[in-house]
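Participant: just the structure for this:
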Amino acid sequence: MDIPERPLPRLEDLSLDQKIAQMLLIGFRGTELTDENPIIRDLRDYQVGGVILFDYDVVMKTYGRNVTSPDQLRNLMQQLYSHTKFPTFFSIDQEGGTVNRLRPEYGFPATRSHKTLGQLDDLEETRREGEHIARLLQSYGLNLNFAPCVDLGINKDNKAIYGRDRTFSDDADQVTAHARAYIKGHKAGGVLTALKHFPGHGSSLADTHLGMADVTQTWSPREVIPYERLIGEGLCDMVMTTHIFNGQLDPNVPATLSASVMQGMLRTQMGFDGVIISDDLQMQAITNYFGLDNVVELALLAGVDILAFGNNLAYEPDVVERSIHIVRRLLEDGTIDELRINASVRRILRLKEKLVSGV
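Facilitator: Numbers count the residues shown, from 1 in each chain. From the prediction side, this is the model:
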């Protein structure tokens, strides 16, 4: 499809609300858009920074949330783009295999899981698969894939990661090598990537979608080796956090909400100055323990750049407006200052330059 060109704004030309909205990535319901759909308001009035698509609606327990066929998806994406003013992250989880929103049963080509690629252990094959997935996404105007998953396949009883074939291997060197190839394939296909789930979900037993996952006794530093290496090589567009609780790293809050993990470990120790995006903040590992006000405050204080609300595990059509009001209140009472907002927006705009100039 033809993707309309949008000018990249300068930081100083954005209003406060627009800057805050750049720090939000939102899911929505609908296979086509009507004027009443909240995502139109979020794009038109706030210029929200990113949108995520799903094929399954968790709350409604039905398929066909945003994707039913190639023609339908193309029309939906054209509608979404028509309401944008600035370059926007249009994102999806298309790891391959099980985690696959554009499924063969909808008319899209088949893709292979990380586990399958790891077992083949052919790096050129992994690169080709990465490019195959990226070109598929790019042909529909999707420009950000929340992949590769660089969790190590440590716990074979982990249903969220290992049980869904989402890990290349339990060996950090092999995971790094395949993630590198997968990312290079995406670059060739013109799509941004995000390493996930920092600082490691592979040793957990519980699923953060459903509640708290504590890896204090099982996590090891080797789980961050893929991040260290790929960041050092300049291959990391974005890092997605995980909501696991890891008492080794922070005894008080999950990783997403931890300044020790996000600023101390990821920013300072690893030298990452790219975009940090949260995993979905409506997962029960977060919502069972924190209200929206607390989540927004703690995530910003931790150093997260983009707050993700999939509106799938819970449906909150006004979450953009509410989040903007919360951030405004945090600014007014001095909990954070505008320099903190500006730092995140600069990183976001710097990454969006690639959407304009080429990934």
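Participant: those strands in the stretch 101-250 of the chain, which residues are they?
Facilitator: Using DSSP state E, counting those that start in this stretch, the strands of the stretch 101-250 of the chain run over residues 144-145, 192-193, 195-198, 238-241.
Participant: and after the last one, which helix or strand comes next?
Facilitator: Tracing the chain past strand 238-241, the next element assigned as helix or strand by DSSP states H and E is helix 259.
Participant: and the lowest-mean-pLDDT helix or strand in the chain, what does it pack onto?
Facilitator: In the chain, the helix or strand scored least confidently by mean pLDDT, DSSP states H and E is helix 284-287, which has a mean of 94. Under the contact criterion of 3 or more C-beta pairs under 8 Å, 6 or more residues apart in numbering; DSSP states H and E, helix 284-287 touches no helix or strand at all. In this view, the C-beta of every residue, glycine as well, is placed from N, C-alpha and C.
Participant: only the buried residues of the following helix or strand past it, if you could.
Facilitator: Using DSSP H and E, the helix or strand that follows helix 284-287 in sequence is helix 292-302. Of the residues in helix 292-302, 292, 295, 296, 297, 298, 299, 300, 301, 302 count as buried by neighbour count, 16 or more other C-beta atoms under 10 Å.
Participant: what is helix 292-302 packed up against?
Facilitator: strand 307-309, helix 319-332.
Participant: need the winner for burial among these.
Facilitator: Among the helices and strands packed on helix 292-302, ranked by average contacts under mean count of other C-beta atoms under 10 Å, first place goes to strand 307-309 (a mean of 25).
Participant: what's in contact with that one?
Facilitator: The contact list for strand 307-309, computed with C-beta atoms under 8 Å, 6 or more residues apart in numbering, reads 23-27, 50, 52, 277-282, 295-296, 299, 316, 319-320, 323.
Participant: stretch 281-288 now?
Facilitator: With contacts defined as C-beta under 8 Å, 6+ apart, stretch 281-288 is touched by 208-213, 243-245, 254, 256-257, 295, 299, 307-314, 316.
Participant: apply 7 Å and report the result again.
Facilitator: The contact list for stretch 281-288 (C-beta atoms under 7 Å, 6 or more residues apart in numbering) reads 208-213, 243, 254, 295, 307-310, 313-314.
Participant: and if you look at stretch 239-253?
Facilitator: Here stretch 239-253 has contacts from 146, 194-199, 201, 204, 208, 212-216, 219, 227, 254-256, 258, 260-261, 265-266, 272, 274, 276-279, 283, 285-286, 298, 304, using C-beta under 7 Å, 6+ apart.
Participant: give me the buried subset of those.
Facilitator: 146, 194-199, 201, 204, 208, 212-215, 219, 227, 254-256, 258, 261, 265-266, 272, 274, 276-279, 283, 285-286, 298, 304.
Participant: columns mean pLDDT and distance to residue 32 on top of the strands of the stretch 101-250 of the chain, output as a markdown table?
Facilitator: Output for the strands of the stretch 101-250 of the chain, formatted as a markdown table (pLDDT from 0 to 100; distance: least, C-beta to C-beta, whole Å):
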| stretch | mean pLDDT | distance to residue 32 |
| --- | --- | --- |
| strand 144-145 | 99 | 22 |
| strand 192-193 | 99 | 26 |
| strand 195-198 | 98 | 30 |
| strand 238-241 | 99 | 29 |
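Participant: between those, which one is closest to residue 173.
Facilitator: strand 195-198 (15.7 Å; C-beta to C-beta).
Participant: ok, residues contacting that closest one?
Facilitator: Identification of contacts with strand 195-198 by C-beta under 7 Å, 6+ apart yields 146, 148-151, 226-227, 230, 236, 239-242, 266, 279.
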